[in-house]
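Undergrad: with the input below, show me the fold.
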Amino acid sequence: MRILLTNDDGINAPGLYVLEKIAAQLSDDIWICAPSEEQSGAGHSLTLTRPVRMRQHAERRFSVSGTPTDSVTMALKKILPGPPDLILSGVNRGANLGDDVTYSGTVSAAFEGALAGIRAVALSQVYSKEGVGNDVDFSAAEQWGAKVLRPLLDAPFAPRTLINVNFPPVAGDQVAGIRVVRQGFHDYARGSVVEGTDPRGFPYYWFGLHGIEHTLGSDTDLEAIAGAFVSVTPLQIDLTHQDSLDPLTEIYRT
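TA: Reported below is the predicted structural model:
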């Protein structure tokens, strides 16, 4: 089984090394193509206005000067000798829960795999404190990653879908189990924009990661993580709101 690994935290991110350990429990045919630098929040963006550079670090390890989407595209079209059986994106340093999936480069890399008709899974390690930098405990992901992935290897994936996995912010031996749940949502109105002044006296603004209300609901990914469970959420690329089709059709009917 050929597995492609990617992420949005960059080729040297600790979570990518964790993902390598997880993937090694499933296969020995592992390829890596990730952004050369961190691309958190890049979403499903594609580089169109400048050239993308590629660098080879080892026999099956590459980086590109672009987004997570660029990384998957380059791997599929220029690097791999054939299509992979599985694309794994992560392990992200931080949560990708609720509405955050729309911003996430980690999830978007998996989306790109799903668009290509390849089984794809995004994996993220939630952590409980801000400002920890790379000092994140990935033990939950390390101990539970293969347990989550093995049942998915032969499971049917509907076309143009992917799986979003989040590991709770607890030690691996404290994980309560695995829950299949729907996507929750955040109250972004309570988010923050941090203002500061640079050394030359000009103002700058930094989007804060704190102060966002987590709205828990029954059987959501937010609730699962709050209960120390690994959350497993199927996502689809089709964003059409089906219930609005008929009412809108009536509005425009002449």
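
Undergrad: which stretches of the stretch 51-200 of the chain form helices?
TA: Here the stretch 51-200 of the chain has its helices, by DSSP state H, counting those that start in this stretch, at 68-74, 105-115, 139-149.

Undergrad: let's have the ones you listed in a markdown table, adding mean pLDDT and mean neighbour count.
TA: Where you see a C-beta, it was placed from the backbone N, CA and C, and this is true even at glycine. Listed next are these as a markdown table, based on pLDDT from 0 to 100; neighbours: other C-beta atoms under 10 Å:
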| stretch | mean pLDDT | mean neighbour count |
| --- | --- | --- |
| helix 68-74 | 98 | 26 |
| helix 105-115 | 97 | 27 |
| helix 139-149 | 98 | 20 |
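
Undergrad: of all those helices, which lies closest to H186?
TA: Comparison of the helices of the stretch 51-200 of the chain against H186 by C-beta to C-beta identifies helix 105-115 as nearest, at 14.6 Å.

Undergrad: ok, and what's touching the closest one?
TA: For helix 105-115, contacts defined as C-beta atoms under 8 Å, 6 or more residues apart in numbering pick out 4, 6-9, 35, 39-45, 67-69, 71-73, 87, 89-90, 92, 96, 101, 119-124, 157, 160-164, 235, 237.

Undergrad: nearest residue to the middle of the protein?
TA: T106 (2.6 Å; C-alpha atoms, centre = their mean).

Undergrad: quick one: low-confidence ranges for the stretch 51-200 of the chain?
TA: Applying pLDDT under 70 to the stretch 51-200 of the chain flags the ranges 129-134, 187-191.

Undergrad: apply 90 and report the result again.
TA: Residues of the stretch 51-200 of the chain that meet the criterion pLDDT under 90 lie in 99, 128-135, 185-194.

Undergrad: okay, strands next: where are they in the stretch 101-250 of the chain?
TA: Taking DSSP state E, counting those that start in this stretch to define them, one finds strands in the stretch 101-250 of the chain at 119-125, 161-167, 177-180, 185-187, 193-197, 203-207, 213-215, 229-236.

Undergrad: output the ones you listed in a markdown table, with mean neighbour count appended to each entry.
TA: Formatted as a markdown table, those follow (neighbours: other C-beta atoms under 10 Å):
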| stretch | mean neighbour count |
| --- | --- |
| strand 119-125 | 27 |
| strand 161-167 | 26 |
| strand 177-180 | 14 |
| strand 185-187 | 15 |
| strand 193-197 | 10 |
| strand 203-207 | 9 |
| strand 213-215 | 14 |
| strand 229-236 | 21 |
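
Undergrad: redo the ones you listed as a markdown table? Include distance to P83.
TA: Converted to a markdown table, those look like this (distance: least, C-beta to C-beta, whole Å):
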| stretch | distance to P83 |
| --- | --- |
| strand 119-125 | 11 |
| strand 161-167 | 16 |
| strand 177-180 | 27 |
| strand 185-187 | 34 |
| strand 193-197 | 42 |
| strand 203-207 | 37 |
| strand 213-215 | 38 |
| strand 229-236 | 21 |
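
Undergrad: grab the nearest non-local neighbour of the residue nearest to the centre of the chain.
TA: Among residues not flanking T106 along the chain, N92 sits closest, at 4.2 Å (C-beta to C-beta, 6 or more residues apart in numbering).

Undergrad: verify the stated contact: the one you found with G15.
TA: Yes. The pair N92 / G15 is scored as a contact, 6.0 Å apart, by C-beta atoms under 8 Å.
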